[in-house]
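Colleague: I would like the atomic coordinates for the input below:
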Amino acid sequence: MTADALLPELTARAVRAAHRDADGCPCEAGVLAVRPDATVVRHAGAVAKAHAPGTDPGPLALRVATAARLPGILLPPLAPHPAPLHDRLVTLWPYGAPVDPDDPDAAPWEAAATLLARLHRSPAPPGLPPMRGPAKAAQAIARLVAAAPDHPAAPPVLRAWATLPAWARAEAPMPGPGRLCHGDLHLGQLVRHPAPDGPWKLIDVDDLGAGVPAWDLGRPAAWFACGLLPPEAWSRFLAAYRAAGGPAVPATGDPWAALDTAARALTVQTAALAVAKATEAGRPVDEVEQAVVDACDRMSRRPPPLADAPPK
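Modeller: Next up, the predicted model:
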């Protein structure tokens with residue numbers, strides 16, 4: 001079913017969730033996202049999310065239940081179970097105020113790091129599936145190969161991909177024992193709840209699972225290594241994670257040996273998606289996208305493990 005056909009019924013579910021216990025309703029509403037992997041609508045204080053076609057209901061139910069058990073870390077759901085809607089599964093969530101993309105100086109790096117540390121220290125419930133980060137990286141590579149096999153940026157990205165260990169390419173199980181991981185951490189995965197100035201919470205449980213906790217630090221580590229995240233912001237993030245007892249890196253000293261694989265994998269994923277999206281849109285890669293491709297080229301010439309310092 002197309003997103004356009006899905007929207008009326010998805011919106012109706014958000015309306016019912018918003019008004020179930022409300023004394024009054026400001027009726028702020030709108031479509032928050034329409035992507036192949038998710039359609040998301042808001043009505044007042046409720047958000048309805050239609051997950052990707054083919055989503056397995058069992059693992060999604062476990063992920064939603066995990067969010068319900070950790071309301072101080074993850075945004076808790078409004079409904080305890082996913083519900084079918086045509087060929088999709090729908091989950092219901094309270095609305096939270098997102099990070100302001102126009103105010104990078106106010107980016108909640110410390111809050112993100114502290115929430116991650118607390119998540120990684122929480123026990124993974126029995127039966128929770130693996131964290132889906134490596135699988136998403138592999139999907140990004142598949143999209144690159146399908147959309148832009150002849151693009152001049154494709155070879156360095158694919159060479160860098162080939163240097164990664166099999167688990168980071170979703171070709172082998174992740175090394176264990178696994179910890180509870182978010183699987184797709186970036187600043188768009190944080191909201192304040194209650195809006196507009198409640199505490200920060202992590203959202204989006206689609207990739208939640210047991211795995212290598214360093215993966216959740218991989219994107220900011222990659223941005224730092226590529227020169228896209230200022231050293232001061234990276235230092236704040238890392239210090240907050242350590243202060244909260246995060247297990248992904250040593251408590252002191254150089255963290256890079258623990259972060260190397262994840263940072264490389266997230267760099268490759270970012271570059272693959274950038275090149276694929278640019279090709280699909282019929283435009284050249286921009287300066288930031290080219291910087292990530294260039295990082296892949298450097299990585300392919302210097303296979304892991306890295307030396308004691310992150311790449312320049």
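Colleague: Mind jotting down where the helices sit in the stretch 201-312 of the chain?
Modeller: Taking DSSP state H, counting those that start in this stretch, the helices of the stretch 201-312 of the chain run over residues 214-225, 231-243, 256-281, 287-301.
Colleague: And the strands in this protein?
Modeller: 29-35, 38-43, 46-51, 83-85, 88-94, 97-98, 179-181, 190-192, 200-202, 209-211 (DSSP state E).
Colleague: Of these, which is nearest Ala146?
Modeller: In terms of C-beta to C-beta, the element of those nearest to Ala146 is strand 29-35, at 17.1 Å. (C-beta placed from N, C-alpha, C; glycine too.)
Colleague: neighbouring contacts of that closest one?
Modeller: Ala3, Leu7, Thr11, Ala14, Val15, Thr39, Val40, Val41, Arg42, His43, Ala44, Val47 (C-beta atoms under 8 Å, 6 or more residues apart in numbering).
Colleague: Quickly check those for the two that are furthest apart.
Modeller: Top of the distance list for the contacts of strand 29-35 (C-beta to C-beta): Ala3 and Ala44, 21.3 Å.
Colleague: mind checking which of the helices of the stretch 201-312 of the chain is nearest Leu187?
Modeller: Among the helices of the stretch 201-312 of the chain, helix 214-225 sits nearest to Leu187 (C-beta to C-beta), with 9.0 Å.
Colleague: chain center to the closest one, what's the gap?
Modeller: Centroid separation for helix 214-225 versus its chain: 11 Å, with C-alpha atoms, centre = their mean, to the nearest Å.
Colleague: which helices and strands does that helix pack with?
Modeller: helix 109-121, helix 133-147, helix 231-243, helix 256-281, helix 287-301 (3 or more C-beta pairs under 8 Å, 6 or more residues apart in numbering; DSSP states H and E).
Colleague: weakest of the strands of the chain by average pLDDT?
Modeller: When the strands of the chain are compared by mean pLDDT, strand 29-35 comes last with a mean of 88.
Colleague: and the angle for that strand with strand 38-43?
Modeller: Computed by axes from the mean of the first three to the mean of the last three C-alpha atoms, to 10 degrees, the angle separating strand 29-35 from strand 38-43 equals 170 degrees.
Colleague: Strand partners (parallel or antiparallel) of strand 29-35?
Modeller: strand 38-43 (antiparallel) (DSSP bridges).
Colleague: Can you pull the phi and psi angles for the spatially most central residue of the chain?
Modeller: The centroid of the chain falls nearest to Asp184 when counting by C-alpha atoms, centre = their mean (1.9 Å). Asp184 adopts backbone torsions of phi -150, psi 60, taken as degrees, to the nearest 10.
Colleague: Which residue lies closest in space to it, excluding its sequence neighbours?
Modeller: Asp207 (4.4 Å; C-beta to C-beta, 6 or more residues apart in numbering).
Colleague: From Asp37, how far out is the one you found?
Modeller: Per C-beta to C-beta, to the nearest Å, Asp207 is found 10 Å from Asp37.
Colleague: what about these two, which has more around it?
Modeller: Asp207 (23 against 13; other C-beta atoms under 10 Å).
Colleague: Is the more buried one in contact with Met131, as I believe?
Modeller: Yes - counting by C-beta atoms under 8 Å, Asp207 touches Met131, with 6.3 Å between them.
Colleague: ok, the nearest residue to Arg69 once chain neighbours are set aside - contacts?
Modeller: Distances taken as C-beta to C-beta, 6+ apart put Pro125 closest to Arg69, at 7.3 Å, once the chain neighbours are dropped. Counting by C-beta under 8 Å, 6+ apart, Pro125 touches Leu62, Ala65, Thr66, Arg69.
Colleague: Would you mind giving those as TSV with distance to Ala295 added?
Modeller: As requested, the contacts of Pro125 are exported to TSV (distance: C-beta to C-beta, whole Å):
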residue	distance to Ala295
Leu62	35
Ala65	38
Thr66	33
Arg69	38
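Colleague: ok, so of these, who is nearest Val212?
Modeller: Nearest to Val212 among these, counting by C-beta to C-beta, is Thr66 at 17.6 Å.
Colleague: Check whether the closest one really touches Val205, as I assumed.
Modeller: Yes - using C-beta under 8 Å, Thr66 is in contact with Val205, at 6.9 Å.
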